[in-house]
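Peer 1: Here is a sequence together with a model predicted from it:
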Amino acid sequence: MSRLSLRFLVALMSVSLLTVSPAPACCPAWRRGEPVRIADQQILVVWDPATRMEHFIREAKFAASPGARQEGFGFLVPSPTVPEIAAADGAVFAQLNDRIQPRVVEVTRWDNHYSLLWTLFARESKAPASRAPDAAPPPMAAVEVMKRARVGGYDVVVLKAADPAALTEWLSDNGYDSRPELAEWSRPYVEKGWMITAFKYATDATSIDVSAVRLSFETDAPLFPYRVPTDQIDPDAPRRNTLRAFVIGPGRAEGTLGEGTTARPWEKGNVVYSHPLEVNASFLGGVLPEGTAGGATNVWLTAFEDFTWPSGTDDLTFAFDPAGAKFQRVEEHVTCHDRLIPLDAIALAGLGVLMAVRRRGSR
């Protein structure tokens, strides 16, 4: 073997030895002194534009302070008009969550591995799934009781108050807290003549799982009372709770916080799903009044996730775009294959070709 050929072989072998193989790429009310905080929450807003009726289904959780008694614990829900109140089947949320799961896409990925051991066999592995990153009343008594009911174990009362102080006094006299933050929270609703529906129940658990309830009421625009008392907002909390909002209406839903000149997009509400929904979807039968969807067309389901909950000082309203873009998260299932590139064999083959060319040239 000539000196040049030997040098070329050594150079190629050095490159192959120094090559490194990469890794495979693959808003609550409670007894005074016994605070309860909002935890994770799921809501469903169903909007019927023909009747201007909103059906608001809520499943919420509240976390009690250690040792706190839960007698008299409750929560308040504002609405523009007197609501119809009924128990709802909380199983609807499981079915909604099933519907918005990401679309699975199978992806094949090849990873190159450079090695001298070209007798090894390619390996196949399954990468873990990854998710895309993963809206003036007439004179009245100080507080007017519009309706009383017992719904699903709750004592429910619908109130209309003349002023926030009168409302908090009524709440205090009936076993609820009357802290200043609650009075301030209720002020804009009282000033607009809205109803405050108070729910109260008893439990001895330290974590309160609220059964699903439905409020149906007339409104000019579908809404969610996103606003919470200021003592429920902790900007320094290491982790806030998750609000998942399902909105059904005539098109892709879009959320807006505030009203008038302060209105702004609900930027913290990430759309995770938006698709047309079959009319009279059977899974809604346990939560909506009979015949609610009758004759509706172009009904969409849009789902939002807000990981900053509770953090709002404005309420949330929804609008619908019948020509909106469909959206569904995509989850990739990646199958990785190793592709072996034997540098030693390539080097020897190159050397052979070089020697053959040299010999032919010498002749």
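Peer 2: Sure, I can see it.

Peer 1: where do the helices sit along the stretch 101-250 of the chain?
Peer 2: Under the criterion DSSP state H, counting those that start in this stretch, the stretch 101-250 of the chain contains helices at 164-173, 180-191.

Peer 1: For the nearest residue to His275 once chain neighbours are set aside, the count of nearby residues, please.
Peer 2: What sits nearest to His275 in space, not counting adjacent residues and going by C-beta to C-beta, 6 or more residues apart in numbering, is Lys326, at 5.3 Å. (Glycine included, C-beta is placed from N, CA and C.) The number of residues packed around Lys326, counting by other C-beta atoms under 10 Å, is 10.

Peer 1: Quick check on the closest residue to Ser311 other than its chain neighbours: phi, psi?
Peer 2: Excluding its sequence neighbours, the residue lying closest to Ser311 (C-beta to C-beta, 6+ apart) is Ile233, at 5.7 Å. In this entry, Ile233 is assigned phi and psi values of phi -100, psi 120 (degrees, to the nearest 10).

Peer 1: so who does Ala149 touch?
Peer 2: Contact analysis of Ala149 by C-beta atoms under 8 Å, 6 or more residues apart in numbering lists Ile85, Val156, Val157.

Peer 1: now the residue nearest to His275: how far from Asp306?
Peer 2: Distance of Lys326 to Asp306, given as C-beta to C-beta, to the nearest Å: 21 Å.

Peer 1: same check, this time on Arg99
Peer 2: For Arg99, the distance to Asp306 equals 19 Å [C-beta to C-beta].

Peer 1: Between the two, which is the more surrounded one?
Peer 2: Relative neighbour count places Asp306 above the other of Arg99 and Asp306, with 23 against 16, counting by other C-beta under 10 Å.

Peer 1: tell me which element the more buried one falls in.
Peer 2: With secondary structure defined by DSSP states H and E, Asp306 is part of strand 300-309.

Peer 1: So in that sheet, which strands flank that strand, and in what orientation?
Peer 2: Strand partners for strand 300-309, identified by DSSP bridges, are recorded as strand 241-249 (antiparallel), strand 270-276 (antiparallel).

Peer 1: For it, buried residues please.
Peer 2: Of the residues in strand 300-309, those buried by neighbour count under the rule 16 or more other C-beta atoms under 10 Å are Trp300, Leu301, Thr302, Ala303, Phe304, Glu305, Asp306, Trp309.
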